[in-house]
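[1] Requesting a structural model of the entry that follows:
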Amino acid sequence: MSDSSSTGTLSGAAARKILKSRNIERVVVLGANGTMGYGSAALFTQAVPHVTFLARTKAKADEGLEAAIKQVRSPTVASRSDTGDYDNDLEAAVAQADLIFEALTEDFAIKKDMFDRVEKARRDDSIIATVTSGLSINALCEGRGDSFRKNFLGLHFFNPPNVITGTELIAGDDTDPEVVDFVDVFSRVKLGREMVRTADTPAFAGNRVGFKVLNEAAQLAEELGPVLVDRLVGPYTGRALTPLATVDLVGWDIHRAIVDNVFENSNDEANATLELPAYMAKLMDKGVMGDKTGAGFFKRDGKARLALDIASGDYKPVEEIALPDLSYIDDVASLYRQGRYEEGIQAFLAADGDEAALARKVIAGYISYAFHRVGEVTETITGIDLIMGAGFNWAPPSVLVDTMGADSAVRMIEEASLPVPEILSKAAASGEPRRFFSHPVINIGKYFVAG
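    Purely as a prediction, here's the structure:
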């Protein structure tokens, strides 16, 4: 395992040699009618001559193709694509494919059944990639033949993949290292991905850290309400989209699949924050799934934005919901707008009131949890930083630490009664490293959102 791609520092000649080791001329996308499926298929059309969109019915696959064309507005999507269904077209398409990309729903049994069919039809040298958001790569290929296991890996795009470049690459225990290197270089060079290699642990790196924060926000919403929670953990804390609005966008069912996976299959220091709130499960039984069903924590009624009242299940206009004095947020945002990021962070750390303290506890938890996952999900903090920045569009944990200072980060974590990662304790005591985050292109100012 390596954090950011070990191939990312290769010379151009070395990368070209790896690319020449295989040809990717034909790609089959399974589940091409879903948002991740057609978004990924559209991305592949920019790099390979032929992409086959497959779904349960050809009509569904056609819908996926139409959505892909609309999403990326490129004529190559239509000219390089065809469509089909599993019953009539899967075997022939998979037999010709150099890469089979599985984007089915996040259900182990459904994926297993599909891989049964793929294994029978594929060539021995074809690559099989799953876009699972956190199911075990080793478990998904358990019991399969050597050829399948050597050529199987996780290639986790984030939605929508034509916009979000962060991508996790997850090898299984038996994945051929040359296949891993090839997919890494191909994705980086041909697909324009920011590649991060992660361990085969529940939810990998990005979703492991990100959904911890999202689910904690959902837990807090039961007491505080969605509007206040999204204000407290809003853009000024380093995210483009507020947490509960993010859960609505992702879909409550996807959120549940990810947090249930981590909660049930890990036992870390913050496991309690990954338990799905009971009220969400009850509302999901009634059909509440977020934006895909028109209602989640928030919904629209014409031009009006409404927020869920969790106790009653009703929705109320956002502007009618009273909030406490949160003027400190405006002070922080004003400093950000002036490019005074360090001062803005210090204003956040010094803000009075229970609400500011609660917001700091969530951010302290984000930093503590991320640094504690080093050595478990990635080798260093760099991989987690890159996937949080390029996958979630959140301020990487190291960026927040660098901006506030390691000593301030340790104090914030201690005041929240959370465990302090050893690497931060050492940095606060020694002053080294002076900075954790370094990237030749990324301007960290993009993460300090004033809104």
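[2] which residue sits closest to residue 391, ignoring its sequence neighbours?
    The spatially closest residue to residue 391, leaving aside those adjacent along the chain, is residue 166, at 3.0 Å (Cβ to Cβ, 6 or more residues apart in numbering). For every residue, glycine as well, the C-beta is placed using N, CA and C.
[3] My read is that the one you found contacts residue 158, right?
    Yes: under the contact definition of Cβ atoms under 8 Å, residue 166 touches residue 158, with a separation of 5.4 Å.
[4] who touches both of those two?
    206, 391-392 (Cβ atoms under 8 Å, 6 or more residues apart in numbering).
[5] want to throw the residues you listed into CSV with distance to residue 241 and neighbour count?
    Written out in CSV, the entries for the shared contacts of residue 166 and residue 158 read as follows (distance: Cβ to Cβ, whole Å; neighbours: other Cβ atoms under 10 Å):
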residue, distance to residue 241, neighbour count
206, 15, 28
391, 13, 25
392, 9, 24
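[6] Could you export those as TSV, including pLDDT?
    As requested, the shared contacts of residue 166 and residue 158 are exported to TSV (pLDDT from 0 to 100):
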residue	pLDDT
206	97
391	95
392	95
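[7] Contact partners for the residue nearest to residue 391?
    Contact criterion Cβ under 8 Å, 6+ apart gives 158, 193-194, 196, 206, 386-387, 389-392 as the residues in contact with residue 166.
[8] from the chain's centre, how far out does whichever strand or helix holds residue 185 sit?
    Under the assignment given by DSSP states H and E, the secondary-structure element containing residue 185 is helix 177-189. Relative to the chain's own centre, helix 177-189 is displaced by 20 Å; criterion: Cα atoms, centre = their mean, to the nearest Å.
[9] can you name the two of the contacts of residue 166 that are farthest apart?
    193 and 392 (15.0 Å; Cβ to Cβ).
[10] what's the helix or strand for residue 218?
    helix 206-224.
[11] swap in residue 155?
    Of the helices and strands defined by DSSP H and E, residue 155 is found in strand 152-157.
[12] what mean pLDDT would you report for that strand?
    Per-region confidence: strand 152-157 scores 98 on mean pLDDT.
[13] partners of that strand, with directions?
    When pairing is defined by DSSP bridges, strand 152-157 lines up against strand 127-130 (parallel), strand 166-171 (antiparallel).
[14] Adding mean pLDDT and distance to residue 368, write these out as JSON lines.
    As requested, the strands paired with strand 152-157 are exported to JSON lines (pLDDT from 0 to 100; distance: least, Cβ to Cβ, whole Å):
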{"stretch": "strand 127-130", "mean pLDDT": "98", "distance to residue 368": "30"}
{"stretch": "strand 166-171", "mean pLDDT": "98", "distance to residue 368": "22"}
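[15] Let's have the ones you listed in JSON lines, adding distance to residue 62.
    What follows is those, written out as JSON lines (distance: least, Cβ to Cβ, whole Å):
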{"stretch": "strand 127-130", "distance to residue 62": "23"}
{"stretch": "strand 166-171", "distance to residue 62": "27"}
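[16] Figure out which of those strands is closest to residue 30.
    When these are compared for distance to residue 30 using Cβ to Cβ, the nearest one is strand 127-130, at 9.4 Å.
[17] which other helices and strands contact the next helix or strand after the closest one?
    Tracing the chain past strand 127-130, the next element assigned as helix or strand by DSSP H and E is helix 137-140. Applying 3 or more Cβ pairs under 8 Å, 6 or more residues apart in numbering; DSSP states H and E, we find helix 137-140 packed against helix 108-121, strand 152-157.
[18] Contacts for the longest one next, please.
    Looking back up the chat, that one is helix 108-121. Residues from elsewhere that reach helix 108-121, judged by Cβ under 8 Å, 6+ apart: 30, 86, 90-92, 94-95, 100, 102, 104, 128, 130, 132, 135, 139-141, 144-145, 148.
[19] Which among those count as buried?
    Neighbour counting by 16 or more other Cβ atoms under 10 Å classes 30, 86, 90, 94, 100, 102, 104, 128, 130, 132, 135, 140-141, 144, 148 among the contacts of helix 108-121 as buried.
[20] Kindly indicate which of those lies nearest residue 272.
    So of those, ranked by how close each gets to residue 272 (Cβ to Cβ), first place is residue 135, at 22.4 Å.
[21] out of everything not next to it in sequence, what's closest to that closest one?
    For residue 135, ignoring the flanking residues on the chain, the nearest one in space by Cβ to Cβ, 6+ apart is residue 108 at 5.9 Å.
[22] Repeat that for residue 249.
    residue 291 (5.5 Å).
[23] Now for that neighbour, how many residues are close by?
    17 (other Cβ atoms under 10 Å).
[24] Tell me who's in contact with the closest residue to residue 378 other than its chain neighbours.
    Closest residue to residue 378 in three dimensions, ignoring its sequence neighbours and counting by Cβ to Cβ, 6+ apart: residue 3, at 4.8 Å. The contact partners of residue 3, taken as Cβ under 8 Å, 6+ apart, are 196-197, 378-380, 382-383, 386.
[25] What is the nearest of those residues to residue 353?
    residue 386 (34.0 Å).
[26] Against residue 128, how distant is that closest one?
    When Cβ to Cβ, to the nearest Å is the yardstick, residue 386 and residue 128 sit 25 Å from each other.
[27] What's the separation between the residue nearest to residue 135 and residue 147?
    On the measure of Cβ to Cβ, residue 108 and residue 147 end up 22 Å apart.
[28] For residue 388, see how far away residue 289 is.
    25 Å.
[29] okay, these two: which has more neighbours?
    Per other Cβ under 10 Å, whichever of residue 289 and residue 388 has more neighbours is residue 388, with 28 against 19.
[30] Kindly confirm my reading that that one is in a helix.
    Yes: for residue 388, which was evaluated using DSSP: H, G, I helix; E, B strand; the rest coil, the result is membership in a helix.
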